[in-house]
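*Asks:* this one's structure only:
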């Protein structure tokens, strides 16, 4: 990915001027907006519709259109990393809950944190379930803790199962999305959404459109060379 | 002495989609919305006006950080699965 997005290319991408996304590359905001909306589930028709609609409000530069697949890949990996961090965190909390219950079963005072997260609370329930002989006072202490925090064990388990199932879908979508990005014809994508390309194709003789991709690309490179340089 | 008037820019309207992007602790998804991709695209475009300044370089560092986190999570979950640890359906990818 760093090969696809070298520093000099990254430096050419305009950033968002203001608002909550200020400072981010504009194409990154564009890509991530679609991923959030579609839960990382990508399709070529939706992508074409999305980029065309974006440009009704704010036209993209030539380099930005080429950056769309790279930014989608960055966004999909961002999502996978967020999901992975959440999974690692939940795993740590479940392990901590098991440890606390094991220590309490061995006679140490039950020491529950002030703030209960879903993963930790589910870990407590599973740890109690896994104990061969649960001391009555231990089970009561956990129940009291749940009551104090307003946690209904059934709601909690439903919520945690739902979160895991939703994450499983997101992971599947992101992996499928990465495969789609590798399979799409990005040259065709570029030529069907680029507004510069649309202008060039509208020349009355029709010669431009009949030339090879490489020749058309040299025309676009000439247009690109006219752009004002960005400030760093 | 008269104090200079401060022109405060009003905060942008609250948008759950943008909140999701900015909150690193949340997956990039927002379920239960009825809008089509074109409506979302226009909304994102309005929220991301361009400027002639290049993007900040933090994105490349973020790519590396994400890569490291993914590798670490895979190692964690796979080693747990190898020890017979029960995991949720979201961790299936690491248990295979």
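*Replies:* On my side now, so go ahead. None of the values given here were measured: they were computed from a predicted structure.
*Asks:* what residues does stretch A:180-190 touch?
*Replies:* Residues external to stretch A:180-190 that are found in contact with it (C-beta atoms under 8 Å, 6 or more residues apart in numbering or on different chains): A:42-44, A:47-48, A:65-66, A:68-69, A:72-73, A:76, A:197, A:213. From N, CA and C alone the C-beta is placed, and that goes for glycine too.
*Asks:* tally of neighbours for the spatially closest residue to residue A:177 that is not a sequence neighbour?
*Replies:* Nearest residue to residue A:177, sequence neighbours excluded (C-beta to C-beta, 6 or more residues apart in numbering or on different chains): residue A:42, at 4.3 Å. Other residues within reach of residue A:42, judged by other C-beta atoms under 10 Å in any protein chain shown, total 22.
*Asks:* can you check residue A:198 too?
*Replies:* For residue A:198, the count of nearby residues is 12 (other C-beta under 10 Å).
*Asks:* which SS state does it fall under?
*Replies:* Of the three states, residue A:198 takes helix according to DSSP: H, G, I helix; E, B strand; the rest coil.
*Asks:* Quick one: residues contacting the residue positioned nearest the centre of chain B.
*Replies:* For chain B, the residue whose C-alpha lies nearest the mean C-alpha position (C-alpha atoms, centre = their mean) is residue B:21; its distance is 3.5 Å. Residue B:21 is in contact with A:20-21, A:29, A:32-33, A:36, B:28, counting by C-beta under 8 Å, 6+ apart.
*Asks:* Let's see that with 6 Å instead.
*Replies:* With contacts defined as C-beta atoms under 6 Å, 6 or more residues apart in numbering or on different chains, residue B:21 is in contact with residue A:32.
*Asks:* confidence score at the residue nearest to residue A:192 when sequence neighbours are not counted?
*Replies:* Among residues not flanking residue A:192 along the chain, residue A:48 sits closest, at 6.4 Å (C-beta to C-beta, 6+ apart). pLDDT, residue A:48: 97.
*Asks:* ok, of the contacts of stretch A:180-190, which come out buried?
*Replies:* A:42, A:47, A:65-66, A:68-69, A:72-73, A:76, A:197 (16 or more other C-beta atoms under 10 Å in any protein chain shown).
*Asks:* Report the rounded mean pLDDT for the longest helix seen in chain A.
*Replies:* Using DSSP state H, we find that the single longest helix of chain A is helix A:62-105. For helix A:62-105, mean pLDDT is 92.
*Asks:* Tell me how far that helix lies from the chain's centre.
*Replies:* Counting by C-alpha atoms, centre = their mean, to the nearest Å, helix A:62-105 is centred 10 Å from the centre of its parent chain.
*Asks:* That one and chain B, are they touching?
*Replies:* Yes. Applying C-beta under 6 Å from any C-beta of the partner chain, one finds helix A:62-105 touching chain B at A:74, A:77-85, A:87-88.
*Asks:* now for that helix, which elements pack on it?
*Replies:* helix A:26-38, helix A:118-130, helix A:153-183, helix B:58-82 (3 or more C-beta pairs under 6 Å, 6 or more residues apart in numbering or on different chains; DSSP states H and E).
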